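> Curious how this folds, go ahead:
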Amino acid sequence: MTDFNDELDARGLNCPLPILRAKKAINKLEAGQVLKIVATDPGSVKDFEAFCKQTGNELVGTSEAGDEFTFFIKSS
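This next block holds a predicted model:
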C-alpha cells in the first residue's frame, strides 16, 4: 500500500466527474504529496493516465479489486 496525504471517493461517478474532482483535490496538495482515488468507472483507468500526462502529475500506483479502481497520484 502506498502512503497518501488525501483521499477522494469517486465511486459511482462517471466521466468526467472523477477527473474533475481529482483535479480540485490535487490543487489543494503541496508538490510531492499523494492523492488516493477510488473509482468505479472502468474508463477512469485511461482517464487518469491521460490526466497525469497532461498535468505533469505522477501516477505512482494503480490497482483493481472487483469493480473498484484505486489510483495514487503524486502532485507536481
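> Return the residues in contact with residue 21.
8, 10, 13 (CB atoms under 8 Å, 6 or more residues apart in numbering). C-beta here means a position set from N, CA and C on the backbone, and glycine is covered the same way.
> One more: residue 26?
Contacts of residue 26 by CB under 8 Å, 6+ apart are 35, 55, 57, 73, 75.
> Tell me the buried residues in whatever helix or strand the fourth one lives in?
Secondary structure from DSSP states H and E places residue 73 in strand 68-74. Neighbour-count burial for strand 68-74, with 16 or more other CB atoms under 10 Å as criterion, is recorded at 69, 70, 71, 72, 73, 74.
> what does stretch 27-36 give?
For stretch 27-36, burial by neighbour count (16+ other CB under 10 Å) applies to 29, 34, 35, 36.
> so where's this structure shaky on pLDDT?
1 (pLDDT under 70).
> what about the strands in the protein?
6-10, 34-39, 58-65, 68-74 (DSSP state E).
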